[in-house]
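Enquirer: This is a predicted model, with the sequence first.
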Amino acid sequence: MFIVKLNAIDSTNSYLRKLSVDETIDDYTTVIAKKQTRGRGQMGTVWDSQASKNLTFSVFKNVSQLYLEHPFYISVVTSLALLKTLQLFSIPRLSVKWPNDILSENKKICGILIENVIKQNSIKASVIGIGLNVNQTKFENLPKASSLKIISGKVFNLDEIVHEILKNLKHYFLLLEKGNYDLLKKDYEAYLFRKNKPSTFKDEEGIVFSGFIKGISKSGNLQVLLEDDIIKEFDLKTITLLY
Ligand code: BTN
């Protein structure tokens, strides 16, 4: 396993993706940057992070041997690896906001951007990008963002956290390799943000509605119990949880 440490780069995901195209790289090759000049978030957003205060890194994983029916399980194992790591560092009230935002005390402390390398219609590899807010204490214009330092009052060693995340990623990928889908899904659902609580959502057309999050389907869709007692499944681009 290689760990590449960079002072600055546009995006660790973009860097690692290029590297994986140009050469054969080992599983869990990791690129960590002190600063990203064009950090990328989900759905084309920007990921801003104060230099040297937080973790911004990407991990390469060949998933061609997993024969994944549902790529969502890459999100599940990554979320679980982060949740277990943060638990170890005594971060309270952890949850996962579907699909893979990690929250503590209802504030976002970690974002995950998974980019898959697809060849002949199947996923060959994943670049797993992780942005974890660690020692930053001010988030301007981001009222729902927080960090480990804000929550716990402690300053954390970044290397220690990365090593724990990598250890847990390996553990959960091993469970996935062994086909423990039900166990992983159950474990993930146990952390699901606002599960069984009345919640407000917005659909693709901007229509606001309410319902109860019940769980996720095997393919990773969000299952929501609606007013008329019907459970409807939503995929990623079709629903936003307003909170
Ligand atoms: C999100 O929108 O919540 C996902 C954020 C992911 C940010 C990380 S930081 C390291 C990696 N490189 C990137 O450009 N993005 C991811």
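Expert: Structure's in. What do you need?

Enquirer: The residue most central in space within the chain sits in which helix or strand?
Expert: Per C-alpha atoms, centre = their mean, the C-alpha nearest to the average position across the chain is that of I112, at 3.1 Å. Element membership for I112, per DSSP states H and E: strand 107-119.

Enquirer: which residues sit in contact with the residue nearest to the centre of the chain?
Expert: I112 sits next to S75, T78, S79, L82, N100, D101, I102, I128, G129, I130, G131 when contact means C-beta atoms under 8 Å, 6 or more residues apart in numbering. No exception for glycine: its C-beta is placed from N, CA and C like everyone else's.

Enquirer: Looking at those, which gets the smallest pLDDT?
Expert: Looking at the contacts of I112 by pLDDT, the weakest one is N100, with 94.

Enquirer: Does that residue touch S79 like I think?
Expert: Yes. N100 is in contact with S79 according to C-beta atoms under 8 Å; the separation is 4.9 Å.

Enquirer: ok, those two, which is more surrounded?
Expert: Each of N100 and S79 has its neighbours counted (other C-beta atoms under 10 Å); S79 has more, 26 against 23.

Enquirer: I'd like the distance from the one helix or strand that one maps to to the chain centre, please.
Expert: Using DSSP H and E, S79 falls within helix 72-88. A distance of 7 Å separates the C-alpha centroid of helix 72-88 from that of its chain, computed with C-alpha atoms, centre = their mean, to the nearest Å.

Enquirer: again, but for stretch 137-153
Expert: Taking C-alpha atoms, centre = their mean, one finds stretch 137-153 lying 18 Å from the centre of the chain it belongs to.

Enquirer: Please apply the same query to stretch 200-209.
Expert: 23 Å.

Enquirer: got the end-to-end distance for that stretch?
Expert: Length of stretch 200-209, first residue to last, C-alpha to C-alpha, to the nearest Å: 6 Å.

Enquirer: ok, back up a step: the next helix or strand after the strand holding I112: which residues count as buried?
Expert: Downstream of strand 107-119, the first helix or strand assigned by DSSP H and E is strand 122-132. By 16 or more other C-beta atoms under 10 Å, the buried positions in strand 122-132 come out as I123, A125, S126, V127, I128, G129, I130, G131, L132.

Enquirer: looking at it, the fourth one is touching K18, isn't it?
Expert: Spelled out, that is V127. No. With contact defined as C-beta under 8 Å, V127 does not reach K18; the gap is 9.8 Å.

Enquirer: List the buried residues of the longest helix anywhere in the chain.
Expert: Taking DSSP state H as the criterion, the chain has its longest helix at helix 158-177. For helix 158-177, the neighbour count (16+ other C-beta under 10 Å) marks 158, 161-162, 164-166, 168-170, 172-173, 175-176 as buried.

Enquirer: can stretch 8-27 be found next to the ligand?
Expert: Yes. Using C-beta under 6 Å from any ligand atom, stretch 8-27 reaches the ligand at S11, T12, N13.
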